[in-house]
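*Asks:* coords please:
(one chain, ligands or ions: 1)
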Amino acid sequence: MAKKNLNIGMVGYGFMGRAHSNAWRRAANFFDSGYQPVLKAVAARDTAKAQSFADTWGYESVETDWRKLVERNDIDAIDICVPNDLHAEIAIAAAKAGKMVLCEKPLARDAKEALPMVRAVEKAGVANTVWYNYRRIPAVTLIKQIVDTGKLGKIFHYRASFLQDWTINPDVPQGGAGTWRLDVKAAGSGVTGDLLAHCIDTAIWINGGISRVSAMTETFVKERKNALTGKKEKVGIDDAAAVLARYANGSLGTFESTRYARGHKALYTLEINGERGSFMWDLHDMNHLKWFDHSVEGRLRGWTDIMVTDGEHPYLGKWWVPGLVIGYEHSFVHQAADFLEGLTTGRPTSPTFREALETTKVCDAIIKSGQTEKWVKVG
Ligand code: SOE
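*Replies:* This is a model prediction of the structure:
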């Protein structure tokens with residue numbers, strides 16, 4: 001069957017621009033669908049850097065204004081890889097122009113900003129998704145598949161944390177290309193929108209909706225130099241967050257994220273405990289999954305270490321042979337591949353903008369609870 005071209009217009013060329021470009025390049029090599037992604041154009045303000053990015057990744061052309069990209073007739077999908085404060089304007093313009101929209105996480109700085117984005121893609125009837133990539137690590141997808149079968153029985157707990165240590169030094173600036181995540185105007189929030197959002201997305205996907213939260217948040221470094229102006233400014237982001245949560249299914253959640261856990265670079269861990277079994281997983285050992293099955297005979301019962309590389313495991317049948325591992329970048333390839341499959345079958349690619357709005361609502365509730373020191377209802 002002849003494949004249709006899917007012409008991608010990438011906005012941004014940073015860390016995520018590379019992760020997404022790599023995903024588009026590889027998805028159709030490893031996964032079947034009716035579409036062939038074509039890296040048509042990249043938009044960024046700095047022409048020289050955009051051109052060098054285009055040359056490295058094989059984009060056919062360069063625009064210095066994302067608006068030009070959105071107007072182009074030869075672009076089918078806009079992929080947004082710029083700081084959070086630009087997501088809404090670009091996504092809404094792209095949807096209005098009839099383009100499919102893929103947006104890097106979090107959807108927006110808060111739910112108020114995200115809601116018009118949801119409405120815009122729904123009104124335009126265009127395919128849309130938010131890149132919450134960790135769901136698509138095979139071990140994590142496997143947890144979802146098994147929980148969905150009911151094998152764990154009643155769920156009591158779902159806990160997750162995402163720990164880093166890169167902002168402990170007070171000389172790290174806020175604002176600017178590499179450090180916009182520390183500037184509340186650009187990012188919307190700190191670790192809550194940047195790291196905890198990943199944990200919340202996966203939690204909702206596996207264990208269902210979160211109804212209430214109680215959070216403790218802290219900003220350890222109160223002032224930082226702005227990388228653009230050179231002036232010291234008050235820091236508006238949360239550096240750390242610890243959260244208690246109640247799920248709609250009656251289970252309890254605990255979440256933690258910080259950029260002040262010395263020694264941890266990107267330690268995402270999650271655990272789910274049910275009546276009949278539990279799963280434990282962490283990103284530093286991402287191809288392994290710990291499984292406890294209480295139905296096993298008492299003498300042999302214990303934590304099992306599953307190496308998730310078999311052809312029967314999610315996505316792995318498309319890669320190498322059992323025992324050969326995959327990495328971080330594959331989670332993005334899987335998301336691109338799922339999007340292409342969604343276009344082929346007509347099924348939306350989760351999380352859609354509407355689904356990702358739920359995560360943003362939980363993040364908003366966490367920030368509000370941290371500020372008020374009270375339980376906050378989500379939404
Ligand atoms: C921040 O350091 C960051 O790059 C996040 O922005 C990503 O979403 C996360 O996956 C890794 O950490």
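*Asks:* now do the contacts for Asn7.
*Replies:* Neighbour list for Asn7: 38, 40, 74-77 [criterion: CB atoms under 8 Å, 6 or more residues apart in numbering]. For glycine as for every other residue, the C-beta is placed from the backbone atoms N, C-alpha and C.
*Asks:* ChimeraX command to pick out the buried ones of these?
*Replies:* Buried residues within these, by 16 or more other CB atoms under 10 Å, are selected in ChimeraX with:
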select :38,40,75,76,77
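*Asks:* next, give me the two most distant ones among the contacts of Asn7.
*Replies:* Farthest pair in the contacts of Asn7 (CB to CB) is Asp74 and Ala77. Separation: 11.6 Å.
*Asks:* neighbours around the closest residue to Tyr268 other than its chain neighbours, how many?
*Replies:* Closest residue to Tyr268 apart from its sequence neighbours, by CB to CB, 6 or more residues apart in numbering: Leu283 at 4.0 Å. Neighbourhood size, Leu283 [other CB atoms under 10 Å]: 19.
*Asks:* separation between Leu283 and the ligand?
*Replies:* Using CB to the nearest ligand atom, to the nearest Å, Leu283 is found at 9 Å from the ligand.
*Asks:* read off the pLDDT value for the closest residue to the ligand within the stretch 201-350 of the chain.
*Replies:* For the stretch 201-350 of the chain, the residue closest to the ligand is Ala266, as judged by CB to the nearest ligand atom, at 5.3 Å. Per-residue confidence (pLDDT) for Ala266: 98.
*Asks:* what segments of the stretch 251-379 of the chain are strands?
*Replies:* For the stretch 251-379 of the chain, strands defined by DSSP state E, counting those that start in this stretch occupy the ranges 252-258, 267-274, 277-282, 288-293, 303-307, 376-377.
*Asks:* let's have these in TSV, adding distance to Val221 and mean neighbour count.
*Replies:* Putting the strands of the stretch 251-379 of the chain into TSV (distance: least, CB to CB, whole Å; neighbours: other CB atoms under 10 Å) gives the following:
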stretch	distance to Val221	mean neighbour count
strand 252-258	12	22
strand 267-274	21	20
strand 277-282	27	20
strand 288-293	35	18
strand 303-307	39	12
strand 376-377	25	16
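*Asks:* kindly reformat these as TSV containing distance to Lys361.
*Replies:* Output for the strands of the stretch 251-379 of the chain, formatted as TSV (distance: least, CB to CB, whole Å):
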stretch	distance to Lys361
strand 252-258	15
strand 267-274	20
strand 277-282	25
strand 288-293	29
strand 303-307	33
strand 376-377	10
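*Asks:* among these, which is nearest Tyr134?
*Replies:* Of all these, strand 267-274 comes closest under CB to CB, at 6.4 Å.
*Asks:* tell me how far that closest one lies from the chain's centre.
*Replies:* Centre-to-centre, strand 267-274 and its host chain are 17 Å apart (CA atoms, centre = their mean, to the nearest Å).
*Asks:* mind giving me the packing neighbours of that strand?
*Replies:* helix 138-149, strand 155-163, helix 197-207, strand 277-282 (3 or more CB pairs under 8 Å, 6 or more residues apart in numbering; DSSP states H and E).
*Asks:* regarding Thr229, which helix or strand does it belong to?
*Replies:* Assigned by DSSP states H and E, Thr229 falls within no helix or strand.
*Asks:* residues near it, how many?
*Replies:* 11.
*Asks:* hmm, back to that, return the most buried member of the helices and strands packed on strand 267-274.
*Replies:* Greatest average neighbour count among those goes to helix 197-207 (a mean of 24), per mean count of other CB atoms under 10 Å.
*Asks:* the inter-axis angle of the very next helix or strand once past it versus strand 252-258?
*Replies:* Downstream of helix 197-207, the next assigned helix or strand under DSSP H and E is strand 210-218. In terms of direction (axes from the mean of the first three to the mean of the last three CA atoms, to 10 degrees), strand 210-218 departs from strand 252-258 by 30 degrees.
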